[in-house]
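**Student:** Sharing a model that was predicted from the sequence below.
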Amino acid sequence: MYEGIVQELIDELGRLPGVGPKSAQRIAFHIVQTESFDVRRLGELLLVVRDQVRFCIECGNIADQERCNICRDPRRNRALICVVEEAKDVVAIERTREFRGLYHVLGGAISPIDGVGPEQLRIRELLKRLADGTVEEVIIATDPNLEGEATATYLSRTLRTLDIPVSRLASGLPVGGDLEYADEVTLGRAFEGRRLVDEGR
Ligand SMILES: [Zn+2]
């Protein structure tokens, strides 16, 4: 334990995702000791980001305007929608350059243990987007783990009534993992090899 506020800083940093106690300590000491490190800039940036960043009214992606830059891009194929759990998955898929359609960010995955059901996800918004008939294929790209699978199954059942082809990414993604950790080649291949879901058809 360190004295007062330094320990407070370490504790606070340790609450960030992916930062263990060791890293928290290292970052804290960097902030405290490194003269060239611009603390003011980081502090201001955190406030500005928290203040200005919003979520795209169309797809739920992180945006700095009403619509994100993907939804605003006229070159994107509006007949394709790729459904992902989080905005970070959009970044991972964009890196593969395999997909030129639009996205729909659910805001998580179905997880009864964490109290997340379908109502907590942006599924209603998705159905609304699909209602006007422009979309010709929905690609489900949830994480290859238990929650992601449950979400994909729920979605494909829900979308069945709409008569829009629903596909899922091909296997080959590391099972139990997070979409964002899949390398670009594997994720790109999973896209190319996506398969139609034909539950109960
Ligand atoms: Zn958007």
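**Tutor:** Alright, I've got the coordinates. Numbering: from 1, shown residues only.
**Student:** Return the set of buried residues in the helix-or-strand element of the chain with minimal mean pLDDT.
**Tutor:** Least confident helix or strand of the chain, by mean pLDDT, DSSP states H and E, is helix 184-192 with a mean of 78. Within helix 184-192, the residues that count as buried by 16 or more other C-beta atoms under 10 Å are 187, 188, 189, 190, 191. Where C-beta positions appear, they are placed from N, C-alpha and C, glycine not excepted.
**Student:** Tell me who's in contact with the second one.
**Tutor:** This means residue 188. Contact analysis of residue 188 by C-beta atoms under 8 Å, 6 or more residues apart in numbering lists 96, 97, 98.
**Student:** Show me just the buried residues among the residues you listed.
**Tutor:** Applying 16+ other C-beta under 10 Å to the contacts of residue 188 flags residue 96 as buried.
**Student:** quick one on the thing from earlier: downstream neighbour of the least confident helix or strand of the chain in the secondary structure list?
**Tutor:** strand 195-196 (DSSP states H and E).
**Student:** Counting by contacts, list what that following strand packs against.
**Tutor:** With contacts defined as 3 or more C-beta pairs under 8 Å, 6 or more residues apart in numbering; DSSP states H and E, strand 195-196 has these neighbours: strand 166-168.
**Student:** Could you list the paired strands of the strand it packs on along with their orientation?
**Tutor:** strand 137-140 (parallel), strand 195-196 (antiparallel) (DSSP bridges).
**Student:** Confirm that residue 23 lies within a strand, as I assumed.
**Tutor:** No - Residue 23 is assigned helix when assessed by DSSP: H, G, I helix; E, B strand; the rest coil, not a strand.
**Student:** Quick one, grab the pLDDT at residue 201.
**Tutor:** Here the pLDDT value assigned to residue 201 is 49.
**Student:** do residue 148 as well
**Tutor:** With respect to pLDDT, residue 148 has a value of 91.
**Student:** For it, which non-adjacent residue is closest in space?
**Tutor:** Distances taken as C-beta to C-beta, 6 or more residues apart in numbering put residue 142 closest to residue 148, at 3.7 Å, once the chain neighbours are dropped.
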